[in-house]
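> Quick one, what's the 3D model for this:
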Amino acid sequence: MKDENEKPADLKCRTRQFAMRIIRLYSSLPRAVVAQVIGRQMLRAGTSVGAHHREGIRSRSDAEFVSKLEGGLQELEETGYWIELLVDAEIVPEPRLKDLMIEIDELTPILTRCVKKTKQRMG
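So this is what the prediction gives:
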């Protein structure tokens, strides 16, 4: 896990890489309806984490920054949910998704620290 001093450019790159991994996972899913429905939900949520982060970087205020990153945190949590369903429905074996779940578990506290730090600064 990265330390709390992770640079925004690193997080920008890391969330983009996360999105690319989600895209590759979706592309490899079976064509069965259930897999595709869950996969599309995961694709939407997983690729929006980085978009929220980038919107936050360009925000006009601390409040807007917090709002965007909290949106990214919600999408990260949702992505984890869809990945869990892929495993529970026996669509994808759990070991194949372990690294993605680890990345979710690492990105969550990083984004949370960014939000908390900004809220503290806001008073």
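> contacts, neighbours, all on C-alpha from now
Noted.
> Tell me the helix or strand right after the helix or strand hosting Arg54.
Element membership for Arg54 (DSSP states H and E) is helix 33-57. Downstream of helix 33-57, the first helix or strand assigned by DSSP H and E is helix 62-88.
> Please tell me how far Leu107 sits from Ala32.
30 Å (CA to CA, to the nearest Å).
> whoops, I mixed them up, Pro95
Pro95 is 21 Å from Ala32, by CA to CA.
> The residue nearest the centre of the chain: what's it in contact with?
The chain has Leu76 as the residue nearest its centroid, 3.5 Å off, counting by CA atoms, centre = their mean. Residues near Leu76 by CA atoms under 8 Å, 6 or more residues apart in numbering: 45-46, 49, 104, 108.
> Give me the distance between it and Arg121.
Counting by CA to CA, the gap from Leu76 to Arg121 is 24 Å.
> for Ile110, same thing?
Applying CA to CA to Ile110 and Arg121 gives a distance of 17 Å.
> ok, now Arg31?
Taking CA to CA, one finds Arg31 at 48 Å from Arg121.
> try Leu97
The value you get for Leu97 to Arg121, if CA to CA is used, is 37 Å.
> ok, Ile110 and Arg121, which is more surrounded?
Remark: of Ile110 and Arg121, Ile110 carries more neighbours, 18 against 9, as counted by other CA atoms under 10 Å.
> Mind listing what's buried along the helix or strand hosting that one?
Secondary structure assignment for Ile110, by DSSP H and E: helix 94-122. The neighbour-count criterion (16 or more other CA atoms under 10 Å) identifies 100-101, 103-104, 107, 109-112, 114-115 as the buried residues of helix 94-122.
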